[in-house]
Structure formats: structure tokens, C-alpha cells
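> structure here, sequence nowhere to be found:
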């Protein structure tokens, strides 16, 4: 039986003839997670991970950051271009919330450029991110870019004269599960992702832009994590230490990369212990967004974005030729720094030689975000009955125990 068309929008369902969650085989509409109502994540299974997460262990732990998404699920069986099956969506990330038009300092880094992230030439040139970061599938970048401009025009978010906008829209390829050439992402789907953005705990796995993604040949998609760090400030003639300042680093990524044998979790060769193959050649990518409330300048944020590479490497990635690995980092500190009404601005920053804890936090949060994208997920069948398994929780725990790497968990036994 072919499922009737439906549109899943987090946190609401706009319309549906039949309700099917992106996380098969659930049969109810997706509900935004809370601390009491969330999926199983890496730490719940006892995966040993470095660093201390903040409250939600998500990019939204950085004050002001909001995330919204639209999930599109339609049809099953043989691919008919333009009709489906559809397994795709849109994710929107706002540095200061969707009601703010205050740009943030930002930096970008390309580990491997077989992908697209629009607007980055101006981020490099200006040092500012002026609006949200939107992530979708490869062939929906154009419509998403245009929709962001229309949305910002309607909300007064372009430049003072309303003349131009250069939004940041990124992509990864979901053509194994999704009718990629059917162009199913429409402006209204982007508008909903933007309008529904909010803080707090967020969904992971097969939602939003991550709906049809594959990571290490397991079901992939969205993953997020955060780290809370204390940085001491040594001042005074006697070089006495004043109380440490606390900062948060959050990472959100759309994970769609890697071959099965490469997968490493907590130093354990999970991909070799659970062999399998989805396709013959890597055809994925990774888009990562790093947020922090630490006061960093654009060149320092570019350095932060580079550290995503090390977090991915911890999970086994080699950033293959076919992988578009593009990262952006921003800081929510220094509000109003772009205000042209004021001739000069005094901004706060951290010296380069005090950034090591922030670098470490970025690497750790990136690694955990990848593992969360794999674990907080479920198997999916898409176009032409292509099926991708989610990583099996029980088997993962058994392998971690075999290598003496399993910690106590909060997951059901």
C-alpha cells in the first residue's frame, strides 16, 4: 500500500492524510523533545565521551540560539521523479533567535569542497553572519536561498535599504532515499522551519534537513551536543586568579558521510564489528554549525570551525573526495557590533593563547553530535525500497563492553 502524501512539520503537523513519523516505524506525529521526553542518545547508552555538556547537550545551550525544521515524508516503493518517494526537509538555525536582526561575528572553513554553502564569500569578507543558517538537500539550495530572502524581507531583516541579502544555505545529498530531482522542498516548507525555530532541547536523527541522510552507512541525519567550559582569567600585579568565566560551545551537524568500516565510537572500531554496505562509493557530506557565547573575533571563529575536522576524525571520517564538509562558527557575544550608526565599537575578545579549552570543547561536541545523530535515530526505507538500518543499540553496547569502553547508562536494559 502506498502511503498518502503528508507533510510533517516540527513541532506541528499542517496536514496529513495518514500520519507517519520520519522515524519509522513510529506512527505518530513528531513531538519536540523535552528533557523528560527525548530519544535515546549516546550518553544514555553508556558511550564514554569527554567533556561536560550543558543543560540540553545541544547547540541551543548557547543563549539565544533557536532551531526549527520541516520534515517531508511521502510515498513508498518505486521512484517516480516528481512524485516520490520523498524523504527530505529543511533545518533553520538562528544565532540570536528568529526575532533578531543583529548579525554575529562568524568564520567559515571548508575541509572538502564537494558541496555548497551559499553566502560564505560575504561571511569571509565581512566577518559577520547576517541571518539564519538553513540546511537542506543538494537540489533544494536554490529554493531555500530565495525563500530565506523572502522571509527576511517580510520580517525586516535585510539591510537598512532593503536592497540585498546573502543568506547562508547549505546542503548534503539525500538521493539514496529521497526523490532528489523531484524538487519537493517548497518556499512554505522553508518558511515553516524559520517560523517554528525555538530554543530548548531539539530533535535529532531523521528530521528536518537530516531526514534522508546516511552516516557511515547507518541511518544518519541531525546531531547536536554542547560543552560547558570554565576559563580562568589571571589578572593583577601578583597574577592572582580571579573566578573563572563560564562559556558554552554548541555544535549542530547534518551527518551524511563515511563508509561503514571507518566508523569509530569511543575509540572502538564499531564499523568493522558491525559490517555492512549501503552503496559502493561514498556520496555524502557534513555540514556543521558551531555556536558559542565566548567573545571571539571572525579570525578566531574560523579557527574554531577548523576544529570540527578533528571531531569528525575521531569518529573515523577521512573527508573523502565526494564529501562536502563545510563548517561555520559564530559567536553570540558582542551584540550590536555591526551597528553602522555608531562610528566605533568596543568589543570583547579572548586572546588566542587562551583558546585551547574552546578548541577542545568544539572537538568533543562535534564527536558527540555525530554519535547522537547515529544513535538517536531509526531505520528508514525510501525510494526504490532502498533501506538503511539504524545502528543497533544492543549490539553497540555489547561491542563497547567487549572493548571495556561501556559506561553505566540511563537506557532501558
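Thanks, I have it. Bear in mind that the values here come from a model prediction, so they are computed numbers and not experimental data.

> now residue 388. Its backbone dihedrals?
Backbone torsions for residue 388, taken as degrees, to the nearest 10, come to phi -130, psi 120.

> list the buried residues in the helix or strand hosting residue 121.
Secondary structure assigned from DSSP states H and E places residue 121 in helix 120-126. Using 16 or more other CB atoms under 10 Å as the test for burial, helix 120-126 gives 120, 122-123. Yep, even glycine has a C-beta here, placed from its N, CA and C like the rest.

> show me what the helix or strand following it is packed against.
Note on helix 120-126: by DSSP H and E, the next helix or strand toward the C-terminus is strand 128-129. The contact analysis (3 or more CB pairs under 8 Å, 6 or more residues apart in numbering; DSSP states H and E) places strand 128-129 against strand 104-113.

> what lines up beside the strand it packs on in the sheet?
With DSSP bridges as the test, strand 104-113 is paired with strand 128-129 (antiparallel), strand 324-331 (antiparallel).

> before we move on, the earlier item: what pLDDT, on average, does the helix holding residue 121 get?
Average pLDDT, helix 120-126: 97.

> residue numbering should commence at 46 henceforth.
In the new count, where the first residue is 46, that last one comes out as helix 165-171.

> please name every helix or strand in contact with that helix.
strand 149-158, strand 369-376.

> give me the number of residues near residue 344?
Number of residues near residue 344 (other CB atoms under 10 Å) recorded here: 11.

> ok, residue 277 next?
12.

> can you tell me how far the closest residue to residue 110 other than its chain neighbours is from residue 170?
Leaving aside its sequence neighbours, residue 110 sits nearest to residue 336 (CB to CB, 6 or more residues apart in numbering; 5.1 Å). As judged by CB to CB, to the nearest Å, residue 336 and residue 170 stand 21 Å apart.

> report the separation between residue 317 and residue 180.
For residue 317, the distance to residue 180 - CB to CB - is 30 Å.

> quick one, which of those two is more surrounded?
Shown here are residue 317 and residue 180; by other CB under 10 Å, residue 180 has more neighbours (31 against 14).

> what's the spacing between the residue positioned nearest the centre of the chain and residue 320?
The residue lying closest to the centre of the chain (CA atoms, centre = their mean) is residue 298, at 2.5 Å. According to CB to CB, residue 298 stands 25 Å off from residue 320.

> to residue 383, which of the helices and strands packed on helix 165-171 lies closest?
Closest to residue 383 of the helices and strands packed on helix 165-171, according to CB to CB: strand 149-158, at 8.6 Å.

> show me which residues of the top helix by length along the chain are buried.
Longest helix of the chain, by residue count under DSSP state H: helix 401-420. Of all the residues in helix 401-420, those buried under the rule 16+ other CB under 10 Å are 402-403, 405-420.
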